[in-house]
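Undergrad: Build the 3D model from these lines:
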Amino acid sequence: MSEDATARAAAEEQSAFSHPPVEPDATAAYGDHPDQIVDFYAPRDNPLTAPLVVVLHGGAWRAPYDRKHLTPFADFLARQGFAVANVEYRRGSSIPAQGGTGPVAGRWPDTFDDVAAALDAMAALVKEHVPVADPRRTVLTGHSAGGQLALWAASRHVLPEDSPWHAPYPTHLRGVVALAPIADFTLSRELKVCNDAVVQLLGGDAKFDERAAQADPAVLLPTGIATVLVQGRDDADVPYTVAEAYADAAAKAGEVVGLTLLEGVGHFPPIDPAADACAVVAEEIAQLAF
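TA: All right, here's what the predicted structure looks like:
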């Protein structure tokens, strides 16, 4: 990147992480592990019922990044009239990856076990902790690695029936809005997105093909679920070509996926309540939810 682009990307990241964490209205466990929890935010305008937005945070599936950095985004969505579930899940350990690229990304199969379990428990948790939410009007969204998990969670019915993650077609799911998602594992490996995070998530190159068949959103198509990708064209963390590759794979599978490329926008503005891109995301969610 040029010096100007690097400076802009740093400013965008600083802005996204400058907001103080927002405490949830309720927190519930969906399992026994400390990371198996969901924070709930009730809609701020006190409607009788509200669509449910399930949020999956990013951070390259690595342990240092948790749901806390996404709490201002969850609160922003609550202020737009949505009930919000901000899901935590197990990520990589604190052990550095080989090659000195920071903590290892993801846990196989724990990361996927958790997302599946959280979604399976969601209707019951919502009924108890945020009863104004209507789980029959659910939209999944996620940023970066969380965008991958959102796309994957919406495709579980495509998995073989003997997969532990298989689920029936989600009739309650209105759609997916994936933000700068790591949506195509093959291209992400070629580009070494987030310091080879995809390869680490899948347990190394030797297991890549076998496990990608169960986890790569670009392979689990078509889904039959309304899907929109929102991506900054200047994203240096997850290049927009990854989103384009997913959209192309969907088209080849006979499915139309929306792709909104935002000019002059990098990786973090879609989850930054202070950025115009965040308002675009809320509108895309509203188009599916209401």
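
Undergrad: make it CA atoms for all contacts and neighbour counts henceforth
TA: Noted.

Undergrad: and residue 44, what is it in contact with?
TA: If you count contacts by Cα atoms under 8 Å, 6 or more residues apart in numbering, residue 44 has them with 78-81.

Undergrad: Quick one: end-to-end length of stretch 103-110, please.
TA: Taking Cα to Cα, to the nearest Å as the measure, stretch 103-110 stretches 16 Å from start to finish.

Undergrad: quick one: buried residues of it?
TA: Counting neighbours by 16 or more other Cα atoms under 10 Å, one finds that the buried residues in stretch 103-110 are 103-108.

Undergrad: how far is that stretch from where the chain is centred?
TA: Using Cα atoms, centre = their mean, to the nearest Å, the distance from the centre of stretch 103-110 to the centre of the chain it belongs to is 16 Å.

Undergrad: Also stretch 227-234?
TA: Shown here is stretch 227-234, whose average C-alpha point lies 12 Å from the average C-alpha point of the whole chain (Cα atoms, centre = their mean).

Undergrad: Same check on stretch 136-151?
TA: Its chain's C-alpha centre lies 4 Å from the corresponding centre of stretch 136-151 when counted by Cα atoms, centre = their mean.

Undergrad: Pull that stretch out as CSV, backbone CA atoms only.
TA: Listed in CSV are the C-alpha atoms of stretch 136-151, where the atom choice follows Å, rounded to 0.1, in the frame of the first residue of the first chain:
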residue,chain,number,x,y,z
ARG,A,136,-38.6,-16.2,12.8
ARG,A,137,-37.1,-13.0,11.3
THR,A,138,-33.4,-13.7,11.8
VAL,A,139,-30.6,-12.2,9.8
LEU,A,140,-27.0,-13.4,10.2
THR,A,141,-24.1,-10.9,9.9
GLY,A,142,-20.5,-11.1,10.7
HIS,A,143,-17.2,-9.3,10.0
SER,A,144,-14.1,-10.8,8.4
ALA,A,145,-13.7,-14.2,9.9
GLY,A,146,-17.1,-13.7,11.4
GLY,A,147,-18.4,-13.1,7.9
GLN,A,148,-17.1,-16.5,7.0
LEU,A,149,-18.8,-18.1,10.0
ALA,A,150,-22.1,-16.3,9.1
LEU,A,151,-22.0,-17.7,5.5
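
Undergrad: Okay, and which of the contacts of residue 44 map to strands?
TA: Helix and strand membership here follows DSSP state E; of the contacts of residue 44, not one is in strands.

Undergrad: Just send those back as TSV, with pLDDT and neighbour count too.
TA: Written out in TSV, the entries for those read as follows (pLDDT from 0 to 100; neighbours: other Cα atoms under 10 Å):
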residue	pLDDT	neighbour count
78	98	22
79	97	15
80	97	16
81	96	20
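
Undergrad: hey, where'd the helices end up in this structure?
TA: If DSSP state H is used as the criterion, the helices of the chain fall at 3-16, 71-79, 110-129, 145-153, 185-191, 197-201, 208-215, 240-252, 276-289.
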